[in-house]
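Trainee: Sharing a model that was predicted from the sequence below.
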Amino acid sequence: MTEEKKPVYFTYKDRVFRLLYRDKHRLLELYNALNDTSYTNVDDLTVTTLENAIFIKMKNDVSFIIDCDMCLYEHQSTYCPNMPLRGLLYFADLYKKYIRNVDLSVSRQIKIPTPHYVVFYNGTERKEQEFIQKLSDAFEDESEGCIELVVRTININYGYNKELMSRCKSLADYAYFVAEIRKNLEQLALQDAVEYAVDICIEKDILKEFLLEQKSEVIAMSIYEYNEEYVRKALFEDGVEKGYNQGIADGESKLGRLISLLMEEGKSDLVMRIIQDEKVREEYYKKYNM
């Protein structure tokens, strides 16, 4: 008899990347690989992630201070042009926390860690090995203004940035894991594709220890993330995304508010049904008193 699959509840706000780099040894490995450094003591690294800070309905992945650097590392599976603005808000909160007891009116200059913002991107829209995003690109009048923030975005899809991957096994393994899921999706249903990818990676000693320890969480997070990625892609292709985003901004679109609410609750599996089926849509309008 085939073992009955347990239902997956999409209640996760984390992502596999964030879970992977909660481990300070892996985080230090990633920092060394990016900066050509050789730190070995994880106590040199102080995690500063703001656990209660959520921007764009997603937690920021990880931030930390090491030596004179304040680093913010994030993972994105879809291209987002608003990362510099997101980083500005996040760094502002980090610096508030860092200097919370400092009198800024003193005559001496107060030294602060240098900010570094890196996004690890494994979406399919952008094909560059690496690209830069700037806060000034969002300025309405296109002037220089008095503030700039630069985001370094690194493509971590399997086969990209091979030199970096050679210096950071955990990142190379993560890229392989994601590629394995995408390959499996060509022939398997989502849950089967994720579970098979986990088993294959364990067998090949790819993220083996991490996957053995966190197997159920990784499967649930991956299923949620790929459901969300599929829904966002479908919305964009159907021309719905722009409409519901504008509807949310205007406070007028019931459909836009409903989609946003369901995505925030992790119910991406329902979104396409609601878009495509008027009866289902009306049912959820009533459920959420819209």
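Mentor: Cool, got the structure. Everything numeric here is computed off the predicted structure, so don't read it as measured data. Residues are numbered from 1 along each chain as shown.
Trainee: And the strands in the chain?
Mentor: 45-47, 54-55, 58-59, 62-66, 69-76, 114-121, 130-134, 150-155 (DSSP state E).
Trainee: Show me the strands paired with the fourth one, marking each as parallel or antiparallel.
Mentor: The one in question is strand 62-66. strand 45-47 (antiparallel), strand 69-76 (antiparallel) (DSSP bridges).
Trainee: Could you identify which of those strands is most buried?
Mentor: Highest mean neighbour count of the strands paired with strand 62-66: strand 69-76, a mean of 21 (counted as mean count of other CB atoms under 10 Å). The C-beta positions use only the backbone N, C-alpha and C, and glycine is treated the same way.
Trainee: right, and the strands paired with strand 62-66 - which one's nearest residue 158?
Mentor: Each of the strands paired with strand 62-66 has some distance to residue 158 by CB to CB; the shortest is strand 69-76, at 14.7 Å.
Trainee: Run the chain-centre distance for that closest one.
Mentor: 11 Å (CA atoms, centre = their mean, to the nearest Å).
Trainee: Then stretch 156-169?
Mentor: The answer for stretch 156-169 is 18 Å, by CA atoms, centre = their mean.
Trainee: Could you measure from residue 227 over to residue 280?
Mentor: Computed as CB to CB, to the nearest Å, the residue 227 to residue 280 distance reads 17 Å.
Trainee: Hmm, I typed the wrong one, I wanted residue 63.
Mentor: Residue 63 is 40 Å from residue 280, by CB to CB.
Trainee: The two: which has the busier surroundings?
Mentor: residue 63 (23 against 14; other CB atoms under 10 Å).
Trainee: Quick one: residues contacting that one.
Mentor: By CB atoms under 8 Å, 6 or more residues apart in numbering, the residues touching residue 63 are 47-50, 70-73, 90, 94.
Trainee: one more time with 6 Å, if that's ok
Mentor: By CB atoms under 6 Å, 6 or more residues apart in numbering, the contact list for residue 63 reads 48-49, 72.
Trainee: nearest to residue 200, of these?
Mentor: residue 49 (30.6 Å).
Trainee: who are the neighbours in contact with that closest one?
Mentor: With CB under 6 Å, 6+ apart, residue 49 has these contacts: 62-63.
Trainee: Let me know the pLDDT of it.
Mentor: On the pLDDT scale, residue 49 is placed at 86.
Trainee: Any idea which of the strands paired with strand 62-66 gets closest to residue 139?
Mentor: Once the strands paired with strand 62-66 are compared by CB to CB, strand 69-76 is nearest, at 21.2 Å.
Trainee: Please enumerate residues in contact with the closest one?
Mentor: With CB under 6 Å, 6+ apart, strand 69-76 has contacts from 17, 61-64, 113-121.
Trainee: May I see those residues arranged in TSV, with pLDDT and distance to residue 200 as well?
Mentor: Formatted as TSV, the contacts of strand 69-76 follow (pLDDT from 0 to 100; distance: CB to CB, whole Å):
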residue	pLDDT	distance to residue 200
17	93	19
61	82	25
62	91	27
63	94	32
64	96	31
113	96	40
114	97	41
115	97	38
116	97	34
117	97	33
118	97	28
119	96	27
120	97	22
121	95	24
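Trainee: Buried ones from these, can you make that a ChimeraX selection?
Mentor: Of the contacts of strand 69-76, the buried ones can be selected in ChimeraX as follows, counting by 16 or more other CB atoms under 10 Å:
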select :17,61,62,63,64,113,115,116,117,118,119,120,121
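Trainee: By mean pLDDT, point me to the weakest helix or strand of the chain.
Mentor: Least confident helix or strand, the chain: strand 54-55 with a mean of 45, by mean pLDDT, DSSP states H and E.
Trainee: Write down the beta-bridge partners of the closest residue to residue 17 other than its chain neighbours, one by one.
Mentor: Nearest non-adjacent residue to residue 17, counting by CB to CB, 6 or more residues apart in numbering: residue 75, 3.7 Å away. Assessed by DSSP bridges, residue 75 has beta-bridge partners residue 120.
Trainee: where along the stretch 51-200 of the chain do the helices fall?
Mentor: Assignment of helices within the stretch 51-200 of the chain using DSSP state H, counting those that start in this stretch yields the ranges 83-98, 162-167, 169-184, 190-203.
Trainee: Out of those helices, which is the most enclosed?
Mentor: helix 169-184 (a mean of 20).
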